[in-house]
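[1] mind folding the following:
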Amino acid sequence: MTRPYIASKADEPWSRIWFDTTPRHLAGPGDPRHVTQALRAGGWENYGDPDFPHVVLASPDYRHTLVLEPTPDTYGSWWRVSSERWYASFGANTPAEIIAGFTDPLLQTAPEAEPDIWPTLQAAGWTYERDERGNERACHPDGITTMERSTTLTSDYFSWKAEVALPNGGGGHNRLWHAYFDDRAPRHLLAGFATALVDSAPVSRGHYDVPHSHLVTQVERGAQGEQLAAAHEARLKASKSAVRKARRSAAPTARPSSAPVTEAITPTSRSR
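    Residues are numbered from 1 along each chain as shown. Below you'll find the predicted structure:
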């Protein structure tokens, strides 16, 4: 059947001109397939309604789910990732490459030791502070990007939040994007998010695909068309490989059965 040509953001990458865009945390949402197709390559199934504008993914063991559900509020939580014990959400303008820093480790074996998040931010030039109640906060040199672990005055329950908040000229702020994490979220997932957040490598965006063009630098160079398609294909293969490796690590090691011990029979010498 012949498919009609319909202009869409889901068109193949060679249908537009791409720009290296920095910094990545201000580059806008990008292509959500950077996240969703990597999980699909790792065995996650899509349980979404094809007639409803959403994506509903579940891991093979049903322990983790991801929902991408656009809402009229651009600054609302479009992405939701959860398990039986924890929950995370991301705003519409959160770059897909940074969300992937959180979701990619779901396909991998968790490390034995929990990593610390703050040294990753500090190494990238972020300032860090901690108050007497244990609230922690790091701020990007741009002054508008923060990540914190905090609790309220009436609760001892901590949660994590990362956001970009732009001054509105009236003494307040408007959020460009935000991310929220339950304090029970595995630390290696948070560490992956932090690592992706501070990554200085440019991301590919169309010229008009950034929500606030005055905040970023775009240069017409870097990967185009087939190069981007090839890089994405390599990413999907890496996701499949990570899952296979995780399964091998989780599989119980087969121990060879012990052979029955046979007592040596020593012939007895006859007395003469």
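[2] for the record, mean pLDDT for the longest helix that the chain contains?
    Counting residues, the longest helix in the chain under DSSP state H turns out to be helix 225-250. The pLDDT scores in helix 225-250 average 83.
[3] next, the buried residues of it.
    By neighbour count with 16 or more other Cβ atoms under 10 Å, helix 225-250 contains the buried residues 228, 232, 239, 242, 243, 246. Yep, even glycine has a C-beta here, placed from its N, CA and C like the rest.
[4] for residue 60, which non-adjacent residue is spatially closest?
    residue 43 (4.6 Å; Cβ to Cβ, 6 or more residues apart in numbering).
[5] and residue 64, by the same measure?
    Excluding the flanking residues, the one nearest residue 64 by Cβ to Cβ, 6+ apart is residue 83, at 5.1 Å.
[6] what packs against the helix or strand bottoming out on mean pLDDT in the chain?
    Ranked by mean pLDDT, DSSP states H and E, the weakest helix or strand in the chain is helix 225-250, scoring a mean of 83. Judged by 3 or more Cβ pairs under 8 Å, 6 or more residues apart in numbering; DSSP states H and E, the packing partners of helix 225-250 are helix 33-41.
[7] sheet partners, orientation included, of the helix or strand just after the helix it packs on?
    The C-terminal neighbour of helix 33-41 among helices and strands, as given by DSSP states H and E, is strand 45-46. Neighbouring strands of strand 45-46 in its sheet, by DSSP bridges, are strand 55-58 (antiparallel).
[8] buried set for the partner strand?
    Residues of strand 55-58 classed as buried by neighbour count (16+ other Cβ under 10 Å): 55, 56, 57, 58.
[9] ok, residues contacting stretch 9-16?
    31, 33, 206, 224, 225, 226, 228, 229, 232 (Cβ atoms under 8 Å, 6 or more residues apart in numbering).
[10] mind doing that once more with 7 Å?
    Contacting residues not belonging to stretch 9-16 are listed as 206, 225, 226, 228, 229 [Cβ atoms under 7 Å, 6 or more residues apart in numbering].
[11] swap in stretch 147-161?
    Counting by Cβ under 7 Å, 6+ apart, 121, 133, 135-138, 162, 178-183, 190, 194 sit against stretch 147-161.
[12] ok, now with 10 Å
    Applying Cβ atoms under 10 Å, 6 or more residues apart in numbering, the contact partners of stretch 147-161 are 87-88, 117-118, 120-121, 126, 128-131, 133-140, 146, 162-163, 178-185, 190, 193-194, 197-198.
[13] in that stretch, what counts as buried?
    By 16+ other Cβ under 10 Å, the buried positions in stretch 147-161 come out as 147, 148, 149, 158, 159, 160.
[14] ok, stretch 173-188 next?
    Of all the residues in stretch 173-188, those buried under the rule 16+ other Cβ under 10 Å are 176, 177, 178, 179, 180, 181, 182, 185, 186, 187, 188.
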